[in-house]
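Novice: 3D model of this:
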Amino acid sequence: MRGAFGYQSFSHVSFGRVGTYRPPGRLYSMGRGGRRVVASRGYGGGYGGGISCVPYAREATGMAISGNGRDWWHNASGLYDRSHRPEPGSVMAMPGTGAMRMGHVAVVERVIGAREIEIHHANWGGPGIARGTVMRGVNVVDVSAANDWSAVRIQTGHSDTTFGRVYPVYGFIHNRPDRTGGTMLAGSGRRPVDIAEGGTSVSLGDLRATEVAQGGWTVVRR
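Specialist: Below you'll find the predicted structure:
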């Protein structure tokens with residue numbers, strides 16, 4: 001059962017190792033390095049019975065937000081609390097860009113540090129990862145110039161040391177009431193930006209090395 005706000009009750013799901021919960025109707029297999037790959041089934045979305053990011057985020061968090069991933073940030077106004085800091089269970093909302101027109105949403109699994117988190121999400125393809133698949137324990141690094149999570153790199157495929165291109169982020173939606181009535185962040189919503197950034201992958205070591213701010217976004221010197 002889910003309350004109006006707060007985390008979803010997981011009484012109807014089973015748990016794997018290290019507290020990994022298993023939503024019903026999933027096939028589980030182990031990826032490289034012990035990462036758990038969840039192959040979804042029984043869902044629509046045109047990905048061979050897989051699931052897209054929006055219905056997965058709704059199921060995982062219990063948040064009732066309408067629209068595509070790019071719409072969640074603005075549609076959450078007046079309903080759910082929003083901020084620019086990740087918390088476990090919050091939803092990372094990403095705008096539409098040229099490479100990702102519908103935007104994307106992902107659920108924060110844990111906060112590793114000020115600029116690094118782990119997420120679980122669906123329908124994010126990569127090397128060895130089919131569209132419609134659910135992935136858990138995916139690393140995300142904040143590469144914004146202002147250290148405000150406005151730009152991130154997301155782990156690609158099964159490798160937890162290789163990250164893809166830079167993507168813009170609106171912020172994080174929290175499963176609790178919007179105490180501001182939707183006014184607190186009225187002027188701070190980030191517009192969709194297609195980041196023209198050379199290269200498609202970078203190592204975690206490079207991300208933790210010297211970063212150079214360019215045009216309001218942080219590009220890692222490689």
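Novice: For Asp160, grab phi and psi.
Specialist: phi -90, psi 10 (degrees, to the nearest 10).
Novice: Can you name the helix or strand that Ala60 falls in?
Specialist: Ala60 belongs to helix 53-61 when assigned by DSSP states H and E.
Novice: Flag every buried residue along that helix.
Specialist: Of all the residues in helix 53-61, those buried under the rule 16 or more other C-beta atoms under 10 Å are 53-54, 56-61. Heads up, the C-betas are built off the backbone N, CA and C, glycines and all.
Novice: From those, pick the one nearest Met94.
Specialist: Closest to Met94 out of the buried residues of helix 53-61 is Cys53 (9.1 Å), distances taken as C-beta to C-beta.
Novice: which residues sit in contact with that closest one?
Specialist: 69, 104-106, 121-124 (C-beta atoms under 8 Å, 6 or more residues apart in numbering).
Novice: what about the protein, any weak spots by pLDDT?
Specialist: Under the criterion pLDDT under 70, the flagged ranges of the chain are 1-49, 182-222.
Novice: let's see 90
Specialist: Residue ranges of the chain with pLDDT under 90: 1-50, 99, 125-131, 156-162, 179-222.
Novice: can you give me the helices in it?
Specialist: 53-61, 72-75, 204-207 (DSSP state H).
Novice: Kindly reformat the buried residues of helix 53-61 as JSON lines and extend each row with distance to Ile112.
Specialist: Conversion of the buried residues of helix 53-61 to JSON lines gives the following (distance: C-beta to C-beta, whole Å):
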{"residue": "Cys53", "distance to Ile112": "21"}
{"residue": "Val54", "distance to Ile112": "25"}
{"residue": "Tyr56", "distance to Ile112": "22"}
{"residue": "Ala57", "distance to Ile112": "20"}
{"residue": "Arg58", "distance to Ile112": "25"}
{"residue": "Glu59", "distance to Ile112": "24"}
{"residue": "Ala60", "distance to Ile112": "19"}
{"residue": "Thr61", "distance to Ile112": "20"}
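Novice: Out of these, which comes closest to Arg176?
Specialist: Thr61 (11.1 Å).
Novice: Check whether the closest one really touches Ala106, as I assumed.
Specialist: No: counting by C-beta atoms under 8 Å, Thr61 stays clear of Ala106, with 10.6 Å between them.
Novice: my read: Arg110 touches Glu118, true?
Specialist: Yes: in this structure Arg110 lies within contact range of Glu118 using C-beta under 8 Å: 5.0 Å.
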